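S.K.: the sequence isn't on hand, but the structure is:
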């Protein structure tokens, strides 16, 4: 079955990154047979059980939703075989799909990946692209195989990384680009005008999950990589330093060419403009902070309740 040049499909996705893609498919009149997403899970401080964003959007549009415990469940294969979709559209579903499942749809499983493959394969391509100082990233649509982002590529679209970009702003922009690219890819795949092409595996780089130690600011580094790390991890999980034994998250920063010989991590200035902290080379101006267990605040409001006088050393 085809709808507006789009193949019949099952959509698989979970977080907010997948929402523009699902909205674009709905708007384009795609024949969506089923939406598969992760189970409802506890979320936030109160651990209230919450539905994934994709589930809420699907139900709002009257689409059937299936939330299996795992993609390898026999009932997932059984549902796919009964529905017999021409294609799977997979956007940040959250699990590697088994080969048996990928073989069900005639056109395969099309994935939206937030990098220009084969660079930045893995779970966190957006923050790592910023951390590594890339000026360009993008979106790749690809055919899934049992590997980690190793399948044949379909279409790519470049996106510039702006000097002020955070992980959050780049995430939103790539999600929108990925949505339009997914619709274009599915139409082309159904028409036979989009052809898979293999990745150059020798050029592959990796973007693993961001762990706690990846979020720690190392003040001995130059101000520029420190600033990139803070921007890349904004708004979540947040880059942090340590002050009085507590984690202090840092946001809204820029590198400065300070010539101070102070110990890296030393507060050089604290006021309306922000918190200036010495780095291994230059300094970093931080405009927003969040102490563990408290709200994120601008520097002026934060420093009213938690003064950080000049000479304070962070990160000890």
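M.R.: The structure has been received and is ready for your questions. Not measured: the values here are computed from a predicted model. Numbers count the residues shown, from 1 in each chain.
S.K.: now do the helices in the stretch 51-200 of the chain.
M.R.: Secondary structure of the stretch 51-200 of the chain (DSSP state H, counting those that start in this stretch): helices at 53-60, 74-83, 99-102, 125-131, 167-191.
S.K.: with mean neighbour count and mean pLDDT added, can I get those in CSV?
M.R.: In short, each C-beta sits where N, CA and C put it, glycine included. Converted to CSV, the helices of the stretch 51-200 of the chain look like this (neighbours: other CB atoms under 10 Å; pLDDT from 0 to 100):
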stretch, mean neighbour count, mean pLDDT
helix 53-60, 18, 98
helix 74-83, 14, 94
helix 99-102, 15, 94
helix 125-131, 25, 98
helix 167-191, 20, 98
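S.K.: residue 257 is nearest to which of those?
M.R.: helix 125-131 (20.7 Å; CB to CB).
S.K.: which one, of the helices of the stretch 51-200 of the chain, ends up nearest to residue 28?
M.R.: Of all these, it is helix 167-191 that lies closest to residue 28, at 5.2 Å by CB to CB.
S.K.: mark out where each domain of the chain begins and ends.
M.R.: In terms of domains, the chain is parsed into 2-203, 212-305 (source: automatic domain parsing).
S.K.: distance to residue 314 for those domains - can I get that in JSON lines?
M.R.: What follows is the domains of the chain, written out as JSON lines (distance: least, CB to CB, whole Å):
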{"stretch": "domain 2-203", "distance to residue 314": "20"}
{"stretch": "domain 212-305", "distance to residue 314": "5"}
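S.K.: what about the stretch 1-150 of the chain, any weak spots by pLDDT?
M.R.: Within the stretch 1-150 of the chain, the ranges that satisfy pLDDT under 70 run 1-2.
S.K.: just give the closest residue to residue 266, not the sequence neighbours.
M.R.: Using CB to CB, 6 or more residues apart in numbering and skipping the chain neighbours, the partner closest in space to residue 266 is residue 278 (4.5 Å).
S.K.: what about that neighbour, how many residues close to it?
M.R.: 23 (other CB atoms under 10 Å).
S.K.: one more: the one 5 residues further on?
M.R.: Look at residue 283: counted by other CB under 10 Å, it has 25 neighbours.
S.K.: what's the distance between the closest residue to it other than its chain neighbours and residue 248?
M.R.: Nearest residue to residue 283 in three dimensions, chain neighbours excluded: residue 258, at 3.6 Å (CB to CB, 6+ apart). Counting by CB to CB, to the nearest Å, the separation of residue 258 from residue 248 is 20 Å.
S.K.: residue 228 now?
M.R.: Residue 228 is 19 Å from residue 248, by CB to CB.
S.K.: what do you get for residue 29?
M.R.: Applying CB to CB to residue 29 and residue 248 gives a distance of 49 Å.
S.K.: higher neighbour count, these two?
M.R.: Counted by other CB under 10 Å, residue 29 and residue 248 do not tie: residue 248 has more neighbours, with 24 against 11.
S.K.: is it correct that that one is in contact with residue 314?
M.R.: Yes. Counting by CB atoms under 8 Å, residue 248 touches residue 314, with 7.0 Å between them.
S.K.: quick check: neighbours shared by those two?
M.R.: Contact with both residue 248 and residue 314 is made by residues 241-242, according to CB atoms under 8 Å, 6 or more residues apart in numbering.
S.K.: so what's the closest residue to residue 212 other than its chain neighbours up against?
M.R.: In this structure, residue 212 finds its nearest non-sequential neighbour in residue 237, 8.0 Å apart by CB to CB, 6+ apart. By CB under 8 Å, 6+ apart, the contact set of residue 237 is 210, 212, 215.
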